[in-house]
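Novice: Fold the following and give me the result.
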Amino acid sequence: SRRAPKMQLEMRAFVWLTFVLLASSRECGQREIDAQDITGCVTVKHMRYLGHTGAVWLGEALKNNTLLETLDLHHTRIGDDDAVALAEGLRSNDVLHRLAMHNNKIRDVGARALGEALSFNTALRFLSLSSNAVGDDGAAGLAEGLRTNTGLRRLDLYFNLVSDEGANALSKALGINTALRMLHLDSNNIHCVGATSLAAALPSAQGLTELTLAYNHVKNAGATTLSRAAMKSQSLEKLSLDHNHMIHGEGEQETRRAMKFLNDRQKLSEWLVSVGLVDRQDDPALLSPYASVVQQLDAHHRDGLLKLKGMDAKELEAHAELQALNEHERSTLASVLLRLVREATFHDEL
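Specialist: Numbering: from 1, shown residues only. Presented below is the predicted three-dimensional model:
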């Protein structure tokens, strides 16, 4: 037909364009930054030094960049002024997913500028500001950005100067933000007041899966409150209070109970992803409609799964626990469970 040659030409053009784009995409580092040319760079890693002139140039370059996805600037002696320049570029950037700025000299001014950028940026998924000198005002600035941000999934703030005031600001953001999955606050200066503030946010934090507070100054009261709140959270899978040495007695017991509870929830989450019922890129696995049903059936454990042995699809879909699901969800879960029962039974027979 007459359309065949045209379609062939369009296909060849598409293949050629794809080849050109792939060929021009590259991993970059210090040489490209020194030359102030990141054309075609998908990642920038292995940096040694940036300098303020380089930070200003890079901030401008980020504004219109359409390829760079990973920017690793850890241990490059970045300070507040540099962070402010880079934050300006983040405001309009819609492709950068990972920004590592740990082991630098960023303080509150730089952190606050990055927080303001988060109010506009929806592309960034990972931000590391660990091992800097971010205090309460910087944490509050980041929290302000998180209140409206819909993209960031992980924020690393360990080894900083955040105390109870900063933890309180972050807790208020967690009550609103539904995108953040991991918040790491290890090795800061957080006491029971800060831990209690974070605990208050957990029941309504519809997205947070991991909160770490190791090596802080949390005592029994804070640990008990936080542990109990963690077990009421709908999405949390991991809580770390390791090496808060003043936790003992009731606080230690509640912490251990919470860890055991969350460990099983993490196994459930991993099971939902591994069997294909949940995509890790979507909402937290524990917020899936399948989560509570599988937990009630105990189907993520072998013994619970084998209790379903002998059922066919119709019987399984009619199971009382599956009635909380809609018709499509019941059919999907029943199909997955039957497959897993067959696999488990087959292995037993070998």
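
Novice: Compute the mean per-residue pLDDT across stretch 195-215, please.
Specialist: The pLDDT scores in stretch 195-215 average 95.

Novice: begin at 123 from here
Specialist: Sure, I'll start numbering at 123, so the last one becomes stretch 317-337.

Novice: mind exporting it as PDB, just the C-alpha atoms?
Specialist: Listed next in PDB are the C-alpha coordinates belonging to stretch 317-337 (Å, rounded to 0.1, in the frame of the first residue of the first chain):
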ATOM      1  CA  ALA A 317      10.300  12.300  69.200                       C
ATOM      2  CA  THR A 318       6.800  12.900  70.700                       C
ATOM      3  CA  SER A 319       6.200  15.500  67.900                       C
ATOM      4  CA  LEU A 320       7.100  13.000  65.300                       C
ATOM      5  CA  ALA A 321       5.000  10.400  66.900                       C
ATOM      6  CA  ALA A 322       1.900  12.700  66.700                       C
ATOM      7  CA  ALA A 323       2.400  12.800  62.900                       C
ATOM      8  CA  LEU A 324       2.600   9.100  62.300                       C
ATOM      9  CA  PRO A 325      -1.000   8.100  62.400                       C
ATOM     10  CA  SER A 326      -1.900  10.700  59.700                       C
ATOM     11  CA  ALA A 327       1.400  10.400  57.600                       C
ATOM     12  CA  GLN A 328      -0.100   8.600  54.700                       C
ATOM     13  CA  GLY A 329       3.000   7.600  52.900                       C
ATOM     14  CA  LEU A 330       6.000   7.500  55.200                       C
ATOM     15  CA  THR A 331       7.500   4.000  55.300                       C
ATOM     16  CA  GLU A 332      10.800   4.600  57.100                       C
ATOM     17  CA  LEU A 333      11.800   6.800  60.000                       C
ATOM     18  CA  THR A 334      15.200   6.600  61.600                       C
ATOM     19  CA  LEU A 335      16.300   8.300  64.800                       C
ATOM     20  CA  ALA A 336      19.400   6.300  65.800                       C
ATOM     21  CA  TYR A 337      22.100   8.000  67.900                       C
END
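
Novice: Quick check: buried residues in that stretch?
Specialist: 317-324, 327-337 (16 or more other CB atoms under 10 Å). All C-beta spots, glycine's among them, are computed from the backbone N, C-alpha and C.

Novice: ok, now stretch 355-375?
Specialist: 355, 356, 357, 358, 359, 360, 361, 362, 363, 366, 369, 373.

Novice: List the buried residues for the longest helix that the chain contains?
Specialist: When the chain is parsed with DSSP state H, its longest helix is helix 371-396. Neighbour-count burial for helix 371-396, with 16+ other CB under 10 Å as criterion, is recorded at 373, 376-377, 380-381, 384, 387-388, 390-391, 393-395.

Novice: for stretch 149-166, same thing?
Specialist: 150, 152, 154, 155, 160, 163, 165, 166.

Novice: what separates it from the chain centre, distance-wise?
Specialist: Relative to its chain's centre, stretch 149-166 lies at 27 Å (CA atoms, centre = their mean, to the nearest Å).

Novice: Now the phi/psi pair for the residue lying closest to residue 325 once chain neighbours are set aside, please.
Specialist: With sequence-adjacent residues excluded and distances taken as CB to CB, 6 or more residues apart in numbering, residue 325 is closest to residue 354, at 4.8 Å. Torsion angles at residue 354 (phi, psi; degrees, to the nearest 10) stand at phi -90, psi -10.

Novice: Just to check, residue 354 is in contact with residue 324?
Specialist: Yes. Residue 354 is in contact with residue 324 according to CB atoms under 8 Å; the separation is 6.7 Å.

Novice: what residues are shared contacts of the two?
Specialist: The overlap between the contact sets of residue 354 and residue 324 (CB atoms under 8 Å, 6 or more residues apart in numbering) is empty.

Novice: Could I get the contacting residues of residue 364?
Specialist: 336, 337.

Novice: Need the three-state assignment for it.
Specialist: Secondary structure, DSSP: H, G, I helix; E, B strand; the rest coil: residue 364 is coil.

Novice: contacting residues around residue 431?
Specialist: Counting by CB under 8 Å, 6+ apart, residue 431 makes contact with 463, 467.

Novice: I'd assumed residue 266 was in contact with residue 238.
Specialist: Yes. Between residue 238 and residue 266 there is a contact under CB under 8 Å: 7.5 Å.

Novice: in stretch 226-243, what's buried?
Specialist: Of the residues in stretch 226-243, those buried by neighbour count under the rule 16+ other CB under 10 Å are 226, 228-240, 243.

Novice: With stretch 339-356 instead?
Specialist: Here stretch 339-356 shows 339-349, 351-353, 355-356 as buried, counting by 16+ other CB under 10 Å.

Novice: Name the nearest of those relative to residue 180.
Specialist: residue 339 (37.2 Å; CB to CB).

Novice: what mean pLDDT does the helix or strand where residue 239 lies have?
Specialist: Under the criterion of DSSP states H and E, residue 239 resides in helix 230-240. Averaged over helix 230-240, pLDDT sits at 98.

Novice: Stretch 286-300 too?
Specialist: Confidence over stretch 286-300, taken as the mean pLDDT, stands at 96.

Novice: Enumerate the positions of that stretch that are buried.
Specialist: 286, 287, 288, 289, 290, 291, 292, 293, 294, 295, 296, 299.

Novice: likewise stretch 179-198?
Specialist: 179-181, 183-184, 187, 189-196, 198.

Novice: before we move on, what about stretch 445-459?
Specialist: Within stretch 445-459, the residues scored as buried using 16+ other CB under 10 Å are 447, 451, 452, 455, 456, 458, 459.
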